[in-house]
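S.K.: okay, predicted coordinates and the sequence, questions at the end:
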Amino acid sequence: MKTITLLAACCMTLLATIPASAQNNGESDRTGCCKLQEQCSPSASCPNLEMAGIVKAIEYYIDGGRKGDSQIARKGFAENATMSWSENGKLKSVPIQELYDLYDQPQKPDGGVSYKISSCSVAEDVAIVRIESQFGYNEFSDMFTLVKDGDGWKIISKVYHKK
C-alpha cells in the first residue's frame, strides 16, 4: 500500500508541474509537456525532471509523425533503435529507419495526430512507457523502452499494436 501511495504522490506532483496550456488542450507546449489523460505511474524515485525528459523523447516521435518529418523524430530515438509488431501472427522487427521512411512520405495523416500516456515505469536510467496514439484514422497502442544517456532520454525500442 505504501508503494501505491508513493506512486500516486509522484503522479500528482508531476501533474501539478504540467503547464495549464498542456493540460487543457492535449497539445504540446514549448516545454515539451503533454496532456496526461490517464494516471501515469512512475516509480517513487521518479523526479519530475526525469519525466519531462521522457515525455520530450515521446513528443519528438509524435511531432515527427504530425509534421511528416523524420528529422524531428530522430531526436527522440537512439541510432540503433528498433520497431516491432505482430503481423498475421508473425513477429516483425525492423530498424527504426522504416518508421522514418513512413514519416518522410509526402502525405500527412488525415484526422490529425494525438496521444495520451497510459503508463510509465522508471528505474534510474531506464523507462518503459505505453501510449495510446492516433495517426490520422489509425489508432495504436505503442510501448517504448527508453534509456538515459549523456544526451538525455532516448527511445531504444518501439513495439506497437494497431487497434
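M.R.: Everything's here; your move.
S.K.: quick one, helices of this protein?
M.R.: With DSSP state H as the criterion, the chain has helices at 2-17, 20-25, 48-67, 70-74, 97-103.
S.K.: skipping its backbone neighbours, what lies nearest Ala73 in space?
M.R.: Closest residue in space to Ala73, ignoring its immediate chain neighbours: Gly64 at 2.7 Å, by CB to CB, 6 or more residues apart in numbering. (Each C-beta comes from the backbone N, C-alpha and C, glycine too.)
S.K.: OK, contacts around that neighbour?
M.R.: By CB atoms under 8 Å, 6 or more residues apart in numbering, Gly64 lies in contact with 70-74, 76, 100, 103.
S.K.: tell me the pLDDT of it.
M.R.: Here the pLDDT value assigned to Gly64 is 93.
S.K.: Ser84: neighbour count?
M.R.: When neighbours are defined as other CB atoms under 10 Å, Ser84 has 13 of them.
S.K.: does it have beta-bridge partners, and which?
M.R.: Beta bridges link Ser84 to Ser93, Val159, judged by DSSP bridges.
S.K.: wait, it touches Ser157, no?
M.R.: Yes - the pair Ser84 / Ser157 is scored as a contact, 6.9 Å apart, by CB atoms under 8 Å.
S.K.: near Leu102, how many other residues are there?
M.R.: Neighbourhood size, Leu102 [other CB under 10 Å]: 16.
S.K.: equivalent analysis for Val129, please.
M.R.: Using other CB under 10 Å: Val129 sits among 24 other residues.
S.K.: OK, contacts around it?
M.R.: Residues counted as contacts of Val129 (CB under 8 Å, 6+ apart) are 54, 58, 117, 119-121, 143-144, 146.
S.K.: pLDDT below threshold where in this protein?
M.R.: In the predicted model of the chain, residues 1-49, 108-109 satisfy pLDDT under 70.
S.K.: how many other residues sit next to Tyr137?
M.R.: Tyr137: 9 neighbours (other CB under 10 Å).
S.K.: relative to Gln107, how far out is the closest residue to Ala81 other than its chain neighbours?
M.R.: Nearest in space to Ala81, with sequence neighbours left out and distances taken as CB to CB, 6+ apart, is Ile96 at 4.0 Å. Ile96 sits 20 Å away from Gln107, going by CB to CB, to the nearest Å.
S.K.: which of those two has more neighbours?
M.R.: More neighbours surround Ile96 than the other of Ile96 and Gln107, with 23 against 8 (other CB under 10 Å).
S.K.: fine, thanks again, bye for now.
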